[in-house]
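Novice: Show me how the following folds:
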Amino acid sequence: MIDDRKAPQVPRSRRPQHHGPRSSAAVPRCRQGAGALSPADGEAELTVTVAGAHGGTLVAAVTGEIDLRTAEELRARLIELGEELTAAGQGRLVLNFGGVGFCDATGLGALVGAHNHLHARGGEISLAAVRPSQRRLFRITGLEQVFPLYDTVAQAVAAGRTSSLS
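Specialist: The predicted structure follows:
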């Protein structure tokens, strides 16, 4: 006989994982506009904003969460920036990750997709101000070999200057 007073237990490995506060309401789609990605309803989810150019290096600030909802928009925006760079005869993109609160495997896939696109055209992507937990993710996945990681944007920009002189 089954005791219907107890709820069935889901094994731990099958329970949904919760990564911070999220509502059960429909997740807004992001759209491009004025050089940044922002959710259609105005709630801040992810932004990619051009922060400056230094020689052949373009610096863009990424803020928000990079996950299943925002990864494709991130990839598309980075490819767009990469196209602009290579069309101008440049090719180095530094992403300031200081404002990225969360990045999952889907986000890593988006970064790799943008990297592959830019690399095929002679460009590269470097990351600056990556949080320790995200650095660990890059190390575990081996992506620290693909993306140079710097403590600051200034270090990333300076490294590009010295590598172009070699």
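Novice: residues in contact with the longest helix seen in the chain?
Specialist: Counting by DSSP state H, the longest helix found in the chain is helix 71-87. By C-beta atoms under 8 Å, 6 or more residues apart in numbering, the residues outside helix 71-87 that reach it are 30-32, 37, 46, 48, 50, 58, 60, 62, 66, 91-93, 95, 106-107, 109-111, 113-114, 117-118, 121-123, 125. Where C-beta positions appear, they are placed from N, C-alpha and C, glycine not excepted.
Novice: Let's see that with 7 Å instead.
Specialist: Identification of contacts with helix 71-87 by C-beta atoms under 7 Å, 6 or more residues apart in numbering yields 30, 32, 37, 46, 48, 58, 60, 66, 91, 93, 106-107, 109-110, 113-114, 117-118, 121-123.
Novice: same thing with stretch 124-135?
Specialist: Contacts of stretch 124-135 (C-beta under 7 Å, 6+ apart): 91-98, 100, 103, 114-115, 118, 138, 147-150, 152-153, 155-156.
Novice: Filter those residues down to the ones in helices?
Specialist: 114, 115, 118, 138, 153, 155, 156.
Novice: what residues are up against residue 146?
Specialist: With C-beta under 7 Å, 6+ apart, residue 146 has these contacts: 112, 115.
Novice: so where's this protein uncertain?
Specialist: Residues of the chain meeting the criterion pLDDT under 70: 1-44, 161-166.
Novice: Of the contacts of helix 71-87, just the buried ones, ChimeraX syntax please.
Specialist: Written as a ChimeraX command, the selection of buried residues from these, which uses 16 or more other C-beta atoms under 10 Å, is:
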select :30,37,46,48,58,60,66,91,93,106,107,110,113,114,117,118,123
